[in-house]
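> Here's my sequence, what's the structure:
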Amino acid sequence: MGFTCSKKVGNAVARNRAKRRLREAARLVLPGMGRPGWDYAMIGWKDATAGRPFPDLLDDLRRALAKVHR
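Predicted coordinates for the structure are as follows:
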């Protein structure tokens, strides 16, 4: 699992907050939906990652994994 947030996301505080949210979403969703041997990369976006309600962020990740593993 890899996480990245460019400087477009904001200052170091904003980038770290976005990455923490992505890490927590991955911690909750990947054990049930991730597949062994697969590598995943999550990219933080400026307003979408930090400002999105957390349940919606989890749903987005679930939908993305379901689409990838079809």
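
> in the protein, which spans are strands?
Using DSSP state E, the strands of the chain run over 2-5, 41-44.

> Is it possible to get TSV of those strands that adds mean pLDDT?
Listed next are these as TSV, based on pLDDT from 0 to 100:
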stretch	mean pLDDT
strand 2-5	94
strand 41-44	94
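
> Among the ones you listed, which comes closest to residue 21?
strand 41-44 (8.0 Å; C-beta to C-beta). No exception for glycine: its C-beta is placed from N, CA and C like everyone else's.

> which secondary structure elements does that closest one contact?
Secondary-structure packing of strand 41-44 (3 or more C-beta pairs under 8 Å, 6 or more residues apart in numbering; DSSP states H and E): strand 2-5, helix 12-33.

> Switch those over to JSON lines; also include mean neighbour count and distance to residue 40.
Formatted as JSON lines, the helices and strands packed on strand 41-44 follow (neighbours: other C-beta atoms under 10 Å; distance: least, C-beta to C-beta, whole Å):
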{"stretch": "strand 2-5", "mean neighbour count": "16", "distance to residue 40": "7"}
{"stretch": "helix 12-33", "mean neighbour count": "15", "distance to residue 40": "7"}
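
> Distance to residue 51 added to those, as TSV?
TSV is the format used below for the helices and strands packed on strand 41-44 (distance: least, C-beta to C-beta, whole Å):
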stretch	distance to residue 51
strand 2-5	13
helix 12-33	9
